[in-house]
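Structure here, sequence nowhere to be found:
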């Protein structure tokens, strides 16, 4: 396999790593490390590998497995709630490398994955999402195929069925939420929120936000209005966030927050607001690029 052929595996590797880690920046580091190990092999060693794509997948997955174990320790010291890094629709320079935006990259899915053990997450993502046989998953985890099957089954029970694509109704709900927020219409917000709605924010200790989830539709609505009072110059922009309708809050050309929504039966059940600036770099880069490319009258 030529060098160019090996590099065509990058989108698949990036997709796997992002779903395993919930972080685009970490996923990119993993893929870079996997390729570094490949090119560190001698020409004879590379020629002896029958399936380079499978080899790279195994290496990248094992790196992710190690990172998942250490991530649990890091997140115990994390300031407030930890939310997966939101994925912008134009996160990669080459559209051909864009991650497949199916239900396995929604914020709801990634948050559920956080409740899995590292081994469960690897088994589930590789088998259920990417279709790898358990014999190959076993080579990644160092367990028997039967054990990997049990791990995936255990993980599968945590994931609720979800539609593969958001419908127009979901976008309408998020658009109505934006309008009510901008109008400071608390009754309108309450009407769009499930009575048991929960809002979670991630500032990572680098941005001011609530440290615990806000529970209850009315409480979420009131907190949303309070944000407007504190940041009156904020602009809300409709964007696709992890393949679903979402919102981006900007102020003076700076991305302050990215909001992902879980909409079901015409109401919002979950809101995830990422404010940690380290997780918003791809979004800020996108805004900066648009500002540069926009002609000034």
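Nice, thanks for sending it over. Source: prediction; values computed, not measured.

Ramachandran coordinates for residue 117?
phi -70, psi 160 (degrees, to the nearest 10).

how many other residues sit next to it?
14 (other Cβ atoms under 10 Å). C-beta here means a position set from N, CA and C on the backbone, and glycine is covered the same way.

can you check the one 3 residues further on too?
Counted with other Cβ under 10 Å, the burial measure for residue 120 works out to 21 neighbours.

and what of residue 231?
With other Cβ under 10 Å as criterion, residue 231 counts 14.

for the closest residue to it other than its chain neighbours, what are its contacts?
Spatial nearest neighbour of residue 231, chain neighbours left out: residue 251 (6.4 Å); criterion: Cβ to Cβ, 6 or more residues apart in numbering. Residues in contact with residue 251 (Cβ atoms under 8 Å, 6 or more residues apart in numbering) are 231, 233-235.

For the residues you listed, point out the one with the lowest pLDDT.
Least confident of those in the model: residue 231, at 83.

residues touching it, list them.
With Cβ under 8 Å, 6+ apart, residue 231 has these contacts: 249, 251, 256.

which one among these gets closest to residue 188?
residue 249 (18.1 Å; Cβ to Cβ).

Shouldn't that closest one be within a strand?
Yes: under DSSP: H, G, I helix; E, B strand; the rest coil, residue 249 falls within a strand.

Can you give me the neighbour number for it?
20.

Next one: it from residue 19, what distance?
From residue 249 across to residue 19, the span is 26 Å (Cβ to Cβ, to the nearest Å).

rewinding a little: which of the contacts of residue 251 has the most neighbours?
residue 234 leads those on contacts (other Cβ under 10 Å) with 16 neighbours.

That one contacts residue 250, doesn't it?
Yes: Residue 234 lies in contact with residue 250 (Cβ atoms under 8 Å); the separation is 7.2 Å.

of all the contacts of residue 251, which comes closest to residue 35?
Using Cβ to Cβ, those come closest to residue 35 at residue 235, 39.3 Å.

Please list all residues in contact with residue 35.
Residues in contact with residue 35 (Cβ under 8 Å, 6+ apart) are 6-7, 10, 56.

how near is residue 141 to residue 50?
Relative to residue 50, and taking Cβ to Cβ, residue 141 is found at 21 Å.

neighbour count winner among those two?
residue 141 (21 against 8).

is it true that the more buried one touches residue 148?
Yes: counting by Cβ under 8 Å, residue 141 does reach residue 148; the two are 5.9 Å apart.

low-confidence ranges in the protein?
Residue ranges of the chain with pLDDT under 70: 1-4, 90-102, 160-167, 287-297.
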